[in-house]
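A.B. asks: for reference, the sequence and a predicted model appear below.
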Amino acid sequence: MSLRHPLVLCLALLLTAAAGGGCETAEEVRVDQSYFVVTHGSAGSPFWAVVVRGAMDAGEALGVRVQYLGPDQFSVEAFVSLIDAAIAARPQGIAVSITDPTAVAEPIGRALAAGIPVVAINVADPRGEIPYLLYIGSDEYQAGYQGGKRLLERGFEGSAVCAIHEVGNLTHETRCRGFAEALAEQGVEVVALDITSDTVTAVEVFRAHFAAHPNTGAVMTLGADGMSSWRVFVDERPREGVLHATFDLDPVTLDAIRDGLTLFTIDQQQYLQGFQGVMALYLKHNFEIEQANDVLTGPGFVTAENIETIASLIEAGYR
Amino acid sequence: MQGDARKHFLGRLRTYPEIGAVTMFLAVFGFFALLAPNFLSLSSLSGMLNLASVVGTVAIGATVLMVAGEFDLSVGATMGLAAMVFIQLSNAGLPPVVALGGTFVFASAVGLLNAVVVLRARISSFIATLGMMMVGRSLLVLWTGGSIVRLDEPGWMAALVAGRIHPSGLRMMALWFVVLIVVFHVVMTQRRFGNAVYAVGGKPSAARTMGIQVGRVKVVAFLITAWLAAFAGLMQLSRIGSINALTGEGFELQAIAAAVVGGALLTGGYGSVLGTLFGALVAGMVRNGLILMGFDSRLATGLIGLVLIVAVIINTSLRGEQTS
């Protein structure tokens, strides 16, 4: 155990110094240890590339091998067979997204039975039945709820809109539920608006909504599609005094925050899901250290104040 | 005598395939006009026409092709790809006219490819274009890299295709849509090509004995469908200035739904461009009217589905009387 201590100490130093400077013990590479990160997302997607970056950075910092597996196209079958492949490699730990709780329960059970520690990242088991060590990810309900609180703090008159561009998408509906409940606490009504993912349709839906509810004071969109539709709408028909907030980081959103059209965007800081995922498995395998609670990587807020810092971090692949 | 008059009246109605669509249009329009505040405002009416334009333009092609007895499920992907072709040519600095030409050359290639696969390989067009849809969508995802792709210089092309023409929000694309409806209505009802399309889709063997070149007519129908899909893609691009990997997704089925509400039969030989106009308008009206009435907008898709079914029941029951 004492041998491994300097490495951890070194890592802590590196992290707090936020510089990749000299640290002698980092030479002590444990290539004999290997960890897997398996999710439903393709490593090529802008979102997941950041998770991969976090996992790889943790692997490098800890001196262990990290491999990322994710199907190119969304497929639960392909995802599950990748989990099987990871188990077959007998690694020291696996981080898995619980994308489909019923589908992943069995392979995760097998991994645990074989003594391989498992942590959940990005998506938790909503039923709480799968005995993984901990969940590291965002909480969509909290994200919507905190977003609602922020808009309330800023203050607006009238009702609010939660603009859903994928009706039925669990993530979107959960964000809206949190948002609506935060506002309901102050007696503010939230209308769930099906804007579809087609911008031409969305613009007309916004127009009809504002015709029917001219007292709308705040609008929440749920990602890049909703954001770009809102942008087209307000560029054509400026809505003075209507507050807007959104989810995720993409160029359209960053521009809207810079232009003062959007107050903030909610981000799940997925880098931490990869980094912390590998870290938690490493601590469990080597030192039997188990964190007692889940780790919330989000909601994180990007506003006009921190936008330029975040923009350069997106460029660098950390956000 | 009274029975005769009724028969005569129904007999006249039956000759209009768009009767189901017109009935539903009037019913839905009347309902919202009475109950939805602001429904009859200029901005609301313009909005509905704008909404109908993109899907309606695709649906004109779907109607012509369905009358000819074929389907094209690849139109949604063609919309996105054609817009992407225009963006690439335009962003490379080529003049808009050249970019436009390139876009329609691309659309022609897609239409021809669909026609060749269907006619030469004798694969059902439903299957062949389903495959093409998947191929096309996949290409668009790769080509756009999954992100938003902008048109650098929208210029006069965007203004011509989708610019605002009235303070109410009415856009050029609504005008183009109406022009296309009139043109294709005339072509399908009063020109030899239109007659040939109905003959080819209704009774191909009879069409052949009449000296109609069935294959050639179908190739042209596939071309028209691809051209209109490409134009709809340009409408969307001109309207919003950018596309993404999912541009046009789902339009293939919305277009077929509009054509079917408008009276087109899945079995071919029957359908109406005018009916498609009403079919396309109804969907936008439902979406708009529900919101104006303060209902949950998530009901819209379901209600449009019900309208589709009722319109087809009206169409079928009238045609049934005709045959009995």
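C.D. replies: Right, received. Where do you want to start? Numbering: from 1, shown residues only, chains lettered A, B, ... in the order given.
A.B. asks: what is the rounded mean pLDDT of stretch B:300-320?
C.D. replies: Mean pLDDT, computed over stretch B:300-320, is 87.
A.B. asks: dump the residue contacts of the residue of the stretch 1-150 of chain B found nearest chain A.
C.D. replies: Using CB to the nearest CB, the closest approach of the stretch 1-150 of chain B to chain A is made by B:Gly47 at 4.4 Å. (Each C-beta comes from the backbone N, C-alpha and C, glycine too.) For B:Gly47, the contacting residues are A:Glu204, A:Arg207, A:Ala208, B:Gly169, B:Gly284, B:Asn288, by CB atoms under 8 Å, 6 or more residues apart in numbering or on different chains.
A.B. asks: and A:Ala19, what's its pLDDT?
C.D. replies: 41.
A.B. asks: how about B:Ser242?
C.D. replies: You'll see B:Ser242 listed with a pLDDT of 90.
A.B. asks: what's the burial count for the nearest residue in space to it that is not next to it in sequence?
C.D. replies: Leaving aside its sequence neighbours, B:Ser242 sits nearest to B:Arg150 (CB to CB, 6 or more residues apart in numbering or on different chains; 4.4 Å). Here the number of neighbours of B:Arg150 (other CB atoms under 10 Å in any protein chain shown) works out to 15.
A.B. asks: rewinding a little: ok, which pair from the contacts of B:Gly47 is furthest apart?
C.D. replies: B:Gly169 and B:Gly284 (13.1 Å; CB to CB).
A.B. asks: related to what we said a few turns ago, any idea how far the residue nearest to B:Ser242 is from B:Ser90?
C.D. replies: Going from B:Arg150 to B:Ser90 by CB to CB, to the nearest Å gives 11 Å.
A.B. asks: and what of B:Val161?
C.D. replies: Distance from B:Val161 to B:Ser90, by CB to CB: 12 Å.
A.B. asks: higher neighbour count, the two?
C.D. replies: Using other CB under 10 Å as the criterion, B:Val161 and B:Ser90 rank with B:Ser90 on top: 24 against 20.
A.B. asks: how about the helices in the chain?
C.D. replies: In the absence of a named chain, chain A is used. A:5-17, A:46-62, A:76-88, A:101-113, A:140-154, A:170-184, A:199-212, A:224-236, A:251-258, A:271-287, A:307-316 (DSSP state H).
A.B. asks: um, chain B though
C.D. replies: Using DSSP H, helices in chain B cover B:2-14, B:19-35, B:42-67, B:75-91, B:96-120, B:125-144, B:155-162, B:172-190, B:192-202, B:204-209, B:214-240, B:251-261, B:273-292, B:300-323.
A.B. asks: possible to save the helices of chain A as JSON lines with mean neighbour count?
C.D. replies: Conversion of those to JSON lines gives the following (neighbours: other CB atoms under 10 Å in any protein chain shown):
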{"stretch": "helix A:5-17", "mean neighbour count": "14"}
{"stretch": "helix A:46-62", "mean neighbour count": "21"}
{"stretch": "helix A:76-88", "mean neighbour count": "17"}
{"stretch": "helix A:101-113", "mean neighbour count": "17"}
{"stretch": "helix A:140-154", "mean neighbour count": "20"}
{"stretch": "helix A:170-184", "mean neighbour count": "20"}
{"stretch": "helix A:199-212", "mean neighbour count": "24"}
{"stretch": "helix A:224-236", "mean neighbour count": "23"}
{"stretch": "helix A:251-258", "mean neighbour count": "20"}
{"stretch": "helix A:271-287", "mean neighbour count": "24"}
{"stretch": "helix A:307-316", "mean neighbour count": "14"}
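A.B. asks: comparing the ones you listed, which yields the minimum mean pLDDT?
C.D. replies: helix A:5-17 (a mean of 50).
A.B. asks: got the phi and psi for B:Phe39?
C.D. replies: phi -60, psi -40 (degrees, to the nearest 10).
A.B. asks: so what's it closest to, chain neighbours aside?
C.D. replies: B:Phe32 (4.6 Å).
A.B. asks: A:His40 is in contact with A:Trp48, correct?
C.D. replies: No - judged on CB atoms under 8 Å, A:Trp48 makes no contact with A:His40 at a distance of 9.1 Å.
A.B. asks: mutual contacts of the two, please.
C.D. replies: A:Gly70.
A.B. asks: A:Asp194 contacts A:Asn169, correct?
C.D. replies: No - A:Asp194 lies out of contact with A:Asn169 (CB under 8 Å); the separation is 11.4 Å.
A.B. asks: close to chain B: what parts of the stretch 101-250 of chain A are there?
C.D. replies: A:164, A:167, A:192-195, A:197-201, A:203-205, A:207-209, A:211-213, A:224-225, A:228, A:232, A:236, A:250 (CB under 8 Å from any CB of the partner chain).
A.B. asks: at 7 Å what do you get?
C.D. replies: Residues of the stretch 101-250 of chain A lying close to chain B by CB under 7 Å from any CB of the partner chain are A:167, A:192-194, A:197, A:199-201, A:204-205, A:207-209, A:211-212, A:228, A:232.
A.B. asks: residue nearest the centroid of the chain?
C.D. replies: Since no chain was named, I'll use chain A. A:Gln268 (3.3 Å; CA atoms, centre = their mean).
A.B. asks: ah, I was thinking of chain B
C.D. replies: B:Ala59 (1.1 Å).
A.B. asks: can I assume that residue is in contact with B:Ala259?
C.D. replies: Yes - counting by CB atoms under 7 Å, B:Ala59 does reach B:Ala259; the two are 5.2 Å apart.
A.B. asks: give me the common contacts of the two.
C.D. replies: With contacts taken as CB atoms under 7 Å, 6 or more residues apart in numbering or on different chains, B:Ala59 and B:Ala259 have B:Thr276, B:Gly279 as neighbours in common.
A.B. asks: interface residues of the stretch 1-150 of chain B facing chain A?
C.D. replies: So the stretch 1-150 of chain B meets chain A at B:Pro37, B:Asn38, B:Ser41, B:Ser43, B:Ser44, B:Gly47, B:Asn50, B:Leu51, B:Val54, B:Gly146, B:Ile148 (CB under 7 Å from any CB).
A.B. asks: the second one: how many residues sit nearby?
C.D. replies: Other residues near B:Asn38 number 14, with proximity taken as other CB under 10 Å.
A.B. asks: for it, which non-adjacent residue is spatially closest?
C.D. replies: A:Ala211 (4.8 Å).
A.B. asks: thought the one you found was touching B:Leu45?
C.D. replies: No - when contacts are counted by CB under 7 Å, A:Ala211 is not listed as touching B:Leu45 (11.5 Å).
A.B. asks: let's see the pLDDT reported for the residue nearest to A:Leu112 when sequence neighbours are not counted.
C.D. replies: In space, and not counting its chain neighbours, A:Leu112 is closest to A:Val118: 6.0 Å by CB to CB, 6+ apart. On pLDDT, A:Val118 comes in at 97.
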